[in-house]
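K.L.:
Mind folding the following:
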Amino acid sequence: MKLPADLELIALLSGAACVAGAILAVVAVVGTTRQARPGSRGSALTRLWTGSSDNPRDRRRHQILLLCAAAAGALAFLVSGLPVVGLLVAIAVPGTPWLFTVGRAEQRAVARIEAIGEWTRRLKDVSSTGQGLQQAIVGTVATVPEQIQEEVRLLAARLQAGWQARTALLAFADDIADPVADQVVAALILHLSDRGERLGDVLGSIASAAAAEVGTRREVEAKRTQPRFAVRFLTGMVLLVLGYGLVNPDYMRPYGTPTGQIVMVVLGAIFVGLLAWVRTMSLPPRSARFLAAPKFEEAVR
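P.N.:
Model (predicted):
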């Protein structure tokens, strides 16, 4: 029996409202978090909508994904008539890329470490010509590796704008958020205070250590291939089951009752929890940093 147009619209709006709430909860759990800096006025809802990245392209992709999740959840609710199915489909839209791309964050982190090592060597070479530290940093902007290009350009811009060198360097380390960058910044900050002549040797040692860490982490990444394949396989199986249920009303009929909806919620929560747990097991532990966050109120001399 076909529903009247008004009832279909009400159902669509109701489903979208329910799905939107679920999406915000999922994004809060799935999305990466970043410590808010002093002076940030964005509300929690705004951060959920804009995402955790400062890159405009990543933000647009994040917002498009949320809109697609809301639309897919509402459509699934209309097709199946089951609210929980709409919620599961809405969760699957942002959750599937999160599960299938497991390991990419670590690959980017390794590439950034390698870029930090390359930039450190270039900084060593430029500083050995007799230039001051700030001039040497500005001089490396043209040849900085792409992975940290934005951060180094911002560091150079802050130094040229009159920021205190210590605060600008701490902000640079906070932007990259990696222990290897902390080592480089710590050496540079110490050089600001003692003006020693062995800065080049220290930077060379840090660059060599970064190269060794890149090799070690790539070996570890190779050993994590099997558990990450398991994450992708389980994710694909769950998607197939969910898709089969959407196109087969007989399969979903037992879940049409209130008790069936509760069972579906429990099973869905177990599936999502297990997949997130397996994904977490395939990721390396987060390296601890040792530099404190900068005090931006003391940035300008």
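
K.L.:
need the helices for the protein, in chain order.
P.N.:
5-30, 44-50, 56-80, 83-100, 104-127, 133-139, 149-160, 165-176, 179-194, 199-223, 225-247, 249-252, 258-281 (DSSP state H).

K.L.:
The fifth one - what's its average pLDDT?
P.N.:
What it means is helix 104-127. Helix 104-127 shows a mean pLDDT of 87.

K.L.:
export it as CSV, just CAs?
P.N.:
The C-alpha coordinates for helix 104-127 follow below in CSV (Å, rounded to 0.1, in the frame of the first residue of the first chain):
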residue,chain,number,x,y,z
ARG,A,104,46.6,5.2,5.9
ALA,A,105,47.1,7.5,8.9
GLU,A,106,50.2,5.6,9.9
GLN,A,107,51.5,5.7,6.3
ARG,A,108,51.0,9.5,6.3
ALA,A,109,52.8,9.7,9.7
VAL,A,110,55.7,7.7,8.4
ALA,A,111,55.9,10.0,5.3
ARG,A,112,55.8,13.0,7.5
ILE,A,113,58.7,11.7,9.6
GLU,A,114,60.7,11.1,6.4
ALA,A,115,59.9,14.7,5.3
ILE,A,116,60.9,16.1,8.7
GLY,A,117,64.3,14.3,8.3
GLU,A,118,64.8,15.7,4.8
TRP,A,119,63.8,19.2,6.0
THR,A,120,66.2,18.9,8.9
ARG,A,121,69.1,18.0,6.6
ARG,A,122,68.3,21.0,4.4
LEU,A,123,68.1,23.2,7.4
LYS,A,124,71.5,22.0,8.5
ASP,A,125,73.0,22.7,5.1
VAL,A,126,71.5,26.2,4.9
SER,A,127,72.5,27.1,8.5
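
K.L.:
coming back round to it: make a markdown table from the helices of the chain and add distance to residue 289 to it.
P.N.:
Where you see a C-beta, it was placed from the backbone N, CA and C, and this is true even at glycine. As requested, those are arranged in a markdown table below (distance: least, CB to CB, whole Å):
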| stretch | distance to residue 289 |
| --- | --- |
| helix 5-30 | 23 |
| helix 44-50 | 22 |
| helix 56-80 | 22 |
| helix 83-100 | 24 |
| helix 104-127 | 13 |
| helix 133-139 | 21 |
| helix 149-160 | 15 |
| helix 165-176 | 8 |
| helix 179-194 | 5 |
| helix 199-223 | 14 |
| helix 225-247 | 26 |
| helix 249-252 | 48 |
| helix 258-281 | 20 |
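
K.L.:
Looking at the ones you listed, spot the one closest to residue 287.
P.N.:
For residue 287, the closest of the helices of the chain is helix 179-194, at 4.8 Å, according to CB to CB.

K.L.:
who touches that closest one?
P.N.:
Applying CB atoms under 8 Å, 6 or more residues apart in numbering, the external contacts of helix 179-194 come out as 113, 116-117, 120, 123, 133, 165-166, 169-170, 172-173, 196, 199, 202-203, 206, 209-210, 213, 287-291.

K.L.:
got the buried residues for it?
P.N.:
Buried residues in helix 179-194, counted by 16 or more other CB atoms under 10 Å: 179, 180, 181, 182, 183, 184, 185, 186, 187, 188, 189, 191.

K.L.:
my read: residue 93 touches residue 65, true?
P.N.:
Yes: at 6.6 Å, residue 93 and residue 65 qualify as touching, with contact defined as CB atoms under 8 Å.

K.L.:
between the two, which one's more packed in?
P.N.:
Ranked by neighbour count (other CB atoms under 10 Å), residue 93 and residue 65 place residue 93 first, with 21 against 17.

K.L.:
distance of that one from residue 70?
P.N.:
Here residue 93 is placed at a distance of 9 Å from residue 70 (CB to CB, to the nearest Å).
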